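1. Pasted the sequence and its predicted model underneath.
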Amino acid sequence: MSDEGVGLRCAGCANTGFDGATCPVCGLDLGYRYIALPSRDAKPLGGPCARCGGDRYDTEGRCVGCGRPEAGLDRFEADLGAVAVMTDRGLVHTRNEDSVATAVFDGVAAGSSAATVIAVSDGVSTSAQPQVASGAAVRAGVHATVAALAVGRLPADAIMAGLAAAAQAVREVDVADGPAPSCTYVCAIVPRGAQPVEITVANVGDSRAYWLPAESTDGPGNAPSQRLSVDDSWAQALVDAGALDESDAMNDPRAHTLIRWLGADSPLEPWADDCVRVVRTIGPGLLLLCSDGLWNYLPDPATLTSRVAEAAPIEVARGLVEFALRSGGGDNITVALAPVPQRRGQ
C-alpha cells in the first residue's frame, strides 16, 4: 500500500522514477523513508455486485449495470516510527478522496538536516477527479520539500517549494470535462535530533495542523495546545472580520466553502501571504495533521490533547479515526501524527 520512491527527484542529478533510498544514476544516498496513502492501486474485494449481481466495473469502481460502488479497501495506515498515518473512507462517501504522504529524511547531504515531512490533502468532492488531485498534491509537495531540505534550504523556504510543487501538480491533473480537479493542502516539517524543536507548517484550504502537548508537561518551553494552521474558508473569514465567533461561524451553511484551494481554477499562487507558521517547543507532545473528516467532530485543541494520552501514535490515530466514525463519519478521515521531540534513529 505504499508508493515507495514513486516520482522522487534526486537532489544531486534530478533523476526521477527510482524506487530506493539511493539514486541509481549519481549514487546519492537520499536517506529517506517514504509512503503515500491511500494506494490507488489497491485491489478491490471483487465478486458480484451486491445490488444487481453484475461482475463488470468501470474505471471509477462502479458497477456498469447499476452504478453501485464496488466493495474495496476502506482504510489505509502506516507507521514509520517518526510518524503514523491513517486514512479512512468514512461512512457516507463512496470513495476516499483524501491523501497523505510523508518522508522521514535522514539529512545525509552536506548542509541538510534530518526531518520528517508530512502532507495531508482533501479532494474537493464537487470537482472532477478529487482523489487524483489530492494524491498529486501530497506526493509532489513532499518530494519537493525533501529535495529542498536535501540541498540545505531553510524549512520555511523548503515548505514553500513543496507548496508550489503541489499547486503545479494539481494544475496538471488532466480531465476530459467537468470542474477543475481541486483539493486542500497542509504540510509540516518536524526536525529530528534538534532541541528546542521548531515545527514549520503551511496550508491552503481547511485541512489543519495542531500541536498537542503531553498533558503532564505544562512547563516552561513547551508550547500549549493550539491550532497551527488558519483555514481558508468562509467560516474563518467571518471570524477574522469579527462578524461571528468560531462556533457560530461553523453553523453557517457556507462554513466549509473554501476561499483558497489548489486547482487549475485557482491563482498561480493560491496561498495567503502568511500561510507559513512556526511553533517552537521542547515537547514532549504530538503534531497532528488532519482533514476536516476529523476536526468536524474534534475542532478544539485542548479536547484533542485530552484524547491522545500516552498511547503510541498509531494507536492514537486509530482512536481518532474511530471517534470520527462513531460521531457520524460524514466525510473522509485522514490523520497523521508525529511525536516530538524526534530522535534520528526513529
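-> Sure, I can see it.
2. Tell me how many other residues crowd V201.
-> V201 has 27 neighbouring residues, counting by other CB atoms under 10 Å. For every residue, glycine as well, the C-beta is placed using N, CA and C.
3. mind checking the SS state of it?
-> strand (DSSP: H, G, I helix; E, B strand; the rest coil).
4. So the nearest residue in space to D74 that is not next to it in sequence versus S291, what's the distance?
-> Among residues not flanking D74 along the chain, R89 sits closest, at 4.3 Å (CB to CB, 6 or more residues apart in numbering). The gap separating R89 from S291 is 12 Å, by CB to CB, to the nearest Å.
5. any shared contact partners between those two?
-> Listed contacts common to R89 and S291 are N332; contacts here mean CB atoms under 8 Å, 6 or more residues apart in numbering.
6. so where do the strands sit in this structure?
-> 32-37, 75-79, 84-88, 98-105, 115-122, 182-183, 185-191, 197-204, 208-213, 226-227, 262-263, 276-281, 285-290, 333-340 (DSSP state E).
7. Could I get those in JSON lines, plus columns for distance to C63 and mean pLDDT?
-> Listed next are the strands of the chain as JSON lines, based on distance: least, CB to CB, whole Å; pLDDT from 0 to 100:
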{"stretch": "strand 32-37", "distance to C63": "26", "mean pLDDT": "71"}
{"stretch": "strand 75-79", "distance to C63": "22", "mean pLDDT": "86"}
{"stretch": "strand 84-88", "distance to C63": "23", "mean pLDDT": "93"}
{"stretch": "strand 98-105", "distance to C63": "24", "mean pLDDT": "92"}
{"stretch": "strand 115-122", "distance to C63": "26", "mean pLDDT": "96"}
{"stretch": "strand 182-183", "distance to C63": "27", "mean pLDDT": "96"}
{"stretch": "strand 185-191", "distance to C63": "33", "mean pLDDT": "97"}
{"stretch": "strand 197-204", "distance to C63": "36", "mean pLDDT": "97"}
{"stretch": "strand 208-213", "distance to C63": "36", "mean pLDDT": "96"}
{"stretch": "strand 226-227", "distance to C63": "41", "mean pLDDT": "96"}
{"stretch": "strand 262-263", "distance to C63": "29", "mean pLDDT": "96"}
{"stretch": "strand 276-281", "distance to C63": "45", "mean pLDDT": "96"}
{"stretch": "strand 285-290", "distance to C63": "32", "mean pLDDT": "96"}
{"stretch": "strand 333-340", "distance to C63": "25", "mean pLDDT": "96"}
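8. could I get those strands as TSV with distance to A169?
-> Output for those, formatted as TSV (distance: least, CB to CB, whole Å):
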stretch	distance to A169
strand 32-37	12
strand 75-79	20
strand 84-88	19
strand 98-105	11
strand 115-122	10
strand 182-183	10
strand 185-191	10
strand 197-204	13
strand 208-213	20
strand 226-227	26
strand 262-263	8
strand 276-281	19
strand 285-290	18
strand 333-340	18
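9. And those strands: which comes nearest G135?
-> Taking CB to CB, strand 98-105 is the member of the strands of the chain nearest to G135, at 4.5 Å.
10. Would you map the helices across this structure?
-> Ranges of helices in the chain, per DSSP state H, are 130-150, 155-171, 234-240, 246-250, 292-295, 301-308, 313-326.
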